[in-house]
Each structure stands twice: as C-alpha cells, then as structure tokens.
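# I would like the atomic coordinates for the input below:
(4 chains)
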Protein chains: 2
Amino acid sequence: MKTFSPDDENNKKLVDFLKKLGLNSPEIKIVTSTEIEFKKGENVCKQGSFASYIMILKEGWLKSYIENIHFKNTIFKITKPFSIIGLSCLYGDNHYHFGCQALMPSKVCLVERTVFDNIIKGNNKFASEIIKMYSNSLQNLYDRLNSISNKQSLSKVCDSLIYLSEKIFESDTISPIITRRDIAELSGLATENIVRVLAELKTANAIAIDKKEITILDMDMLKRFSCFG
Amino acid sequence: MKTFSPDDENNKKLVDFLKKLGLNSPEIKIVTSTEIEFKKGENVCKQGSFASYIMILKEGWLKSYIENIHFKNTIFKITKPFSIIGLSCLYGDNHYHFGCQALMPSKVCLVERTVFDNIIKGNNKFASEIIKMYSNSLQNLYDRLNSISNKQSLSKVCDSLIYLSEKIFESDTISPIITRRDIAELSGLATENIVRVLAELKTANAIAIDKKEITILDMDMLKRFSCFG
DNA sequence: AATAAATGTTGATATTTATCAATTTTACTT
DNA sequence: AAGTAAAATTGATAAATATCAACATTTATT
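Sure, this is the predicted structure:
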C-alpha cells in the first residue's frame, strides 16, 4: 500500500508546473535532481557570489533583495512556489546581482546555469515561457521603481501592501512571516516609519492589525492613497 | 555609379546587428520594413497605451521612463542604436508600462508584437539573444533600484554620471543632449539638487562643466562617492 | 517556564531633500 | 539678429524622512 506524504503531493505539483512550461520527462528529471533545504533566515544566494545555479522554489517562501554597503537592503520580490529565481544571471557577468533569503523553511531545486541554458536552446516552448517570466520580472521592477522613486511614505506602504496582498499572498491577509522590516525594505523606508504609516492606515480603517498579521479592510482606499502619490 | 549616403551606412550596420542576433535575410526584411522618424522631444511610446509594437532603435537616442501622476518621471534607461525597446511588453497585459521619448531626431523600426513573437518561437538563436537582453535589462534595473532606493544625493548623482559615461556614451564626456532635468529624473532627485551636487563635484575636481557638457576627470573619485552611499 | 534575543512601538530631534521664488544663461524661432 | 521660450542656477524655506534612544512585546532557545 502506498501512502502519500505532503512531499509527494508537492512533487506532483512541481512536475505539473514544469510540464506546463513545456519540459518533457527527461528534462524534468534533470532540473529536479538536486534539491536543497534552507532554514528560515538562511541565504539561498548571496549578492556578489558566483552565479552557478538557476533555482526553482519548490516549497516555502523567499525574499530577493539588493544590499548596499551599509546593510540596508531593498527587497524587490517575494517568491512562492513554484517560481524560478536567478534568471537575470543566466547570461552576463556570472555573479548574482542580488541576495535571496528564506522567509521560512524552504526547498529549492538547483539547476546548473549551463544545463538550464541548453534546455532553453533546445526547447522553443520552454524558451517562450521563460521569456514570459522575464517580461513579468521587468514589469514588477518598473512598478517597484515607480513606487520607491517618486512617491511619499503613505503611498509607498500602500503599494507594498497591495503587492503583498494581490500578487503574493492572494488574500486580504498578509502573512505574519512578513516583518515590519521586510515591509520597510520593500518600500524603501525606515522600519519606524512603517509602524507609523500602518497605525495611520489602521485609524483610517483601511487595515486591521493583529500582532504581526495585517488584514486589508478597504483595498479601494489603499489604491486611492497609492495613486495620490 | 552608386553613392553611399549616411543612411545606407546605417542600414548596413543595422543589418549586421540583426544578423548577429541570428536573424536570416527574410526575417531581417520583416523587422526593418516599417521605419518611423521622431523629432526631438516626441513620444516614441506612451505609458499606458496599447503595446502593439516592439521597437528597434536605428538612429538617434531615446530615454525610457516611468511617469507618475504628478508628471514626475523616473528615467530607467537611455538607449542608443542598435537597441530593442519594449521587450517587457512582449507578453503580459498588452500595455506599455513605461514612456519613451526621443532625445534627438531618431529613427525607429516598428515590429508588430505577434510578428516578433513568431520569429522568437521559430528561431532558437534569436530567442537566446533576446534572453540575454532581458538579463541585461534586469541587471540594469537592479542597479537603478539600488541607487535610487538607498543612497543619498551625492551617490545617486555619481551613479547616474557613471552610468551615462560607461554604459551609454562610452566616453568621459557626457553629451549635452542630456539635460540637468534628465540627470534628475535618472537619479530620482529634483533638478535644483542636481545643479548643487554637480557644483560640488566640480569643486572637488571630479568633473569639469562646460555649459551643458559634463566631463569626468576623476572616475575613481566618483566610484568612491558612489560606494560610500 | 524562564531567559535571551529579536522585533515592534513611540516620541524627540537631526538631516536630507523638495519646493518656491527670483534671476541668469542658453537654445530656439521667425 | 531680436525676441521668446526653455533650461540652469542660487538662496531661502518648508516638508519629509531618518536617526536615536528608551521601552514594550513577541518569538526563540535552553
């Protein structure tokens, strides 16, 4: 008698995801052969280090960020399964231009860059799907840049909350795995200001706060604040 | 007797560029069939409008930017021939997520999105080259985000000058087609601050200013300021 | 369960940058 | 070449945000 563990279930979903991207069974076998576990807070990749791998997030949550000299990070993406991380390093100067850290215990498949590249070159459907991911990544970065570069704190925080709710958690509730500091680094602000803006939004009944969990009560209001600048 | 105009010369270079990307003669014919001229200051594409075309810059210079409600733009890229613009719109929600304007009289080849997509799907070498461009675009956006989100004005301006000198003009001299306002929008600062920081850099003998033309005298110093944060 | 460590919160203050206003210089148009 | 428009510059001021310090709360560890 065969028993199904949560892991089997997850494996099946991963294979489905990869099939939809156009990979055949041998290719799927190749890209899922190396699996690594990361604890909460562990570095999945370090900015500046040699970019040997493209990573496929199989389980857990990650944050990708750019770090500057004074250890002040800018998070530009939160990722959930199943996502591919490191596409920007597929070509270029061979180094990761960003850091990536696990927000909770996570499992990641590592695929050597050259292997990944060869699959792309031999599989048009897959190449096309990868290009779609690049398009999305660029659009996401444009959105971040727009928010961070020419808006004020209230709008920035609203943008971050909208991003987390709509794009990441697909829920009114933002998981407590996201800290105030994460929101700060996502918004390009200091943590203390996040706390203050969140308090404002709570007073305006736009959000509810239960310890670290934030629930969006009035998305329209957040969007108005976001547009207002 | 055949006479060569500057335009013929330019056509030849464009064809060479496209050949290197892996396009064959019929494909080159297709992507260069529609050519449009833009005057200085004209919109090449407008943020929010329907994204029908991928654009190939054949002659001139363009700036790509994100505009917010209060008409405060953030330039994220300056482009010179030969560059492909609009790759982020190849898939997705069918709208340009950025605006693009001619910095001087420019010529652009328009390629319908679907046509471009079909070529990618049938030409592995070209797909691979396009993916390289996506990688570069992402890396450039990471750099911009890093500069704009967690540095101070001096460092931001240095980043912009380094970008313009090394990546764009490939010269110590930054062309006067770049205005103070352009540098401001590239750095995420107000124009008045750009003037002040440039004056500072001039005093420090890091740059020389002749009207609108800026010459970098001490790149090392700029890089130190850039890193300092 | 107790303790330590990390995260969150609040108020006061300093710093940075934007804005505004006035003027000069440069570029464009006829 | 004159006149107009656009861009650059300067100083003064206002606004926004970061920083610092002190403390509270939550989470992790033994």
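# residues in contact with the host helix or strand of residue A:29: which ones?
Assigned by DSSP states H and E, residue A:29 falls within helix A:25-31. Here helix A:25-31 makes contact (CB atoms under 8 Å, 6 or more residues apart in numbering or on different chains) with A:15, A:18, A:19, A:23, A:56, A:109, A:111, A:115, A:116, A:119, A:123, A:126. (Each C-beta comes from the backbone N, C-alpha and C, glycine too.)
# what's the answer for stretch A:55-65, then?
Stretch A:55-65 is contacted from outside by A:10, A:14, A:18, A:31-32, A:35, A:38, A:44-45, A:73-86, A:98-111, A:177, A:182, A:185, using CB under 8 Å, 6+ apart.
# in PyMOL, how would I select the buried members of those?
One line in PyMOL is enough to select the buried members of these, burial here meaning 16 or more other CB atoms under 10 Å in any protein chain shown:
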select buried, chain A and resi 14+18+31+32+38+44+45+73+74+75+76+77+78+79+80+81+82+83+84+85+86+98+99+100+101+102+103+106+107+108+109+110+111+177+182+185
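# what about the contacts of stretch A:55-65, which are in helices?
Judged by DSSP state H, the contacts of stretch A:55-65 include A:10, A:14, A:18, A:31, A:182, A:185 as members of helices.
# and of those residues, the nearest to DNA strand D?
Ranked by distance to DNA strand D (CB to the nearest atom of the strand), the ones in helices among the contacts of stretch A:55-65 are led by residue A:185 at 10.4 Å.
# what helix or strand is residue A:224 on?
Counting by DSSP H and E, residue A:224 is part of helix A:219-228.
# average model confidence for that helix?
Here helix A:219-228 scores 94 as its mean pLDDT.
# okay, it in CSV with CA atoms only?
Output in CSV follows, covering the C-alpha atoms of helix A:219-228 (Å, rounded to 0.1, in the frame of the first residue of the first chain):
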residue,chain,number,x,y,z
MET,A,219,-8.5,47.9,-0.8
ASP,A,220,-10.0,50.8,-2.7
MET,A,221,-8.7,53.2,-0.1
LEU,A,222,-5.2,51.8,-0.3
LYS,A,223,-5.4,52.2,-4.1
ARG,A,224,-6.5,55.7,-3.8
PHE,A,225,-3.6,56.5,-1.4
SER,A,226,-1.3,54.7,-3.8
CYS,A,227,-2.3,56.8,-6.8
PHE,A,228,-2.4,60.1,-4.8
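# next, the buried residues of that helix.
Using 16+ other CB under 10 Å as the test for burial, helix A:219-228 gives A:219, A:221, A:222, A:225, A:226.
# will you turn the contacts of helix A:25-31 into JSON lines that also has distance to residue B:164 and pLDDT?
Shown next, in JSON lines, are the contacts of helix A:25-31 (distance: CB to CB, whole Å; pLDDT from 0 to 100):
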{"residue": "A:15", "distance to residue B:164": "47", "pLDDT": "97"}
{"residue": "A:18", "distance to residue B:164": "42", "pLDDT": "98"}
{"residue": "A:19", "distance to residue B:164": "45", "pLDDT": "97"}
{"residue": "A:23", "distance to residue B:164": "41", "pLDDT": "97"}
{"residue": "A:56", "distance to residue B:164": "37", "pLDDT": "98"}
{"residue": "A:109", "distance to residue B:164": "40", "pLDDT": "97"}
{"residue": "A:111", "distance to residue B:164": "36", "pLDDT": "97"}
{"residue": "A:115", "distance to residue B:164": "37", "pLDDT": "96"}
{"residue": "A:116", "distance to residue B:164": "33", "pLDDT": "96"}
{"residue": "A:119", "distance to residue B:164": "37", "pLDDT": "95"}
{"residue": "A:123", "distance to residue B:164": "39", "pLDDT": "92"}
{"residue": "A:126", "distance to residue B:164": "37", "pLDDT": "94"}
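# neighbours of residue A:135, how many?
19 (other CB atoms under 10 Å in any protein chain shown).
# which residues touch it?
Applying CB under 8 Å, 6+ apart, the residues contacting residue A:135 are B:87, B:88, B:89, B:90, B:91, B:92, B:134.
# one more: residue A:132?
Counting by CB under 8 Å, 6+ apart, residue A:132 makes contact with B:91, B:92.
# pLDDT score assigned to residue A:3?
Per-residue pLDDT puts residue A:3 at 57.
# domain-wise, how is chain A divided?
By the assignment in automatic domain parsing, chain A contains the domains A:6-147, A:151-228.
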